[in-house]
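Chemist: would you be able to build a 3D model of this:
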Amino acid sequence: MFLCLHHYRDWNLELEVLSEEGKIERTPYHVEIHSEDNILCCQNGVHVLKVNSRLIEEKIYDNICFPLCCKGGDYEWQDHGHYFRAELPSLYLHDGLYVDGKELRSQRLNTEEWKCQFSIWLILGIIITFLGIIFLIIDSTDCCWVGFLYLGISCLITGIVTTVPGLIGWYRAINLNRKYKYLKKANQKSDVSTIF
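Modeler: Here you go, the predicted structure:
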């Protein structure tokens, strides 16, 4: 099938780790995610996560509706004092590895990406709802085409339905942002306690 694909991603990075002597050292770190079946054909698949050639999680499920609903689509873990989040490809988001909330290549927070992508849904929903209201106002004046009533009602329903994914995505982005802030404060407190 032409829609089948092989999903294999790996990232090589160096982490800054606080050694036992209190010095910051750079440690090599390799993350690898590949599909268990090696080929995905338009269905949710099972993935395997390896860190430094060590199997961390045997079953990570992708989710085409991530982050709007259902489980899967991402995996989180903490290691060497850093917070990792791997996001698998989905309908709305790009896949990537986020270390302490920032994507490795773009250095953008994934909450920023989520907000940008779900803002499009919000703006589109608001515009369509606004058009629906205009069509209903035109219909109430009895000046023109009779179909403005149905067009206005369908635009209102479509606008509201389009706004819902944007609101859900924004809510999830705000919750994830709070989680990052909490982890950052916890790491700062643990760094201060190791110094003294």
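
Chemist: got a pLDDT number for Ile153?
Modeler: If you check Ile153, the pLDDT there is 92.

Chemist: ugh, wrong one, Leu167
Modeler: Value for Leu167, per-residue pLDDT: 91.

Chemist: state the distance from Trp170 to Ile120.
Modeler: Noted for Trp170: a distance of 11 Å to Ile120, by C-beta to C-beta, to the nearest Å. Quick note: C-beta positions are derived from backbone N, CA and C, even for glycine.

Chemist: neighbour count for those two, which is higher?
Modeler: Trp170 (17 against 14; other C-beta atoms under 10 Å).

Chemist: might one say that that one is in contact with Leu122?
Modeler: Yes. If you go by C-beta atoms under 8 Å, Trp170 and Leu122 touch, sitting 7.2 Å apart.

Chemist: break this protein down into its domains, please.
Modeler: 4-107, 109-196 (automatic domain parsing).

Chemist: comparing those domains, which gets the lowest mean pLDDT score?
Modeler: Mean pLDDT is lowest for domain 4-107 out of these, coming in at a mean of 75.

Chemist: chain center to that one, what's the gap?
Modeler: Relative to its chain's centre, domain 4-107 lies at 12 Å (C-alpha atoms, centre = their mean, to the nearest Å).

Chemist: any idea how far the residue sitting furthest away from the middle of the chain lies from Ile137?
Modeler: Largest separation from the mean C-alpha position in the chain: Cys143, at 47.3 Å (C-alpha atoms, centre = their mean). According to C-beta to C-beta, Cys143 stands 11 Å off from Ile137.

Chemist: now swap in Gly72 and tell me
Modeler: With the distance defined as C-beta to C-beta, Gly72 ends up 44 Å from Ile137.

Chemist: of those two, who's got more company?
Modeler: Legend: neighbour count by other C-beta under 10 Å for Gly72 and Ile137, higher for Gly72 (19 against 11).

Chemist: quick check, the residue farthest from the centre of the chain in a helix?
Modeler: No. Applying DSSP: H, G, I helix; E, B strand; the rest coil, one finds Cys143 to be coil, outside a helix.

Chemist: phi, psi of it?
Modeler: Here is the backbone geometry of Cys143 (degrees, to the nearest 10): phi -100, psi -20.
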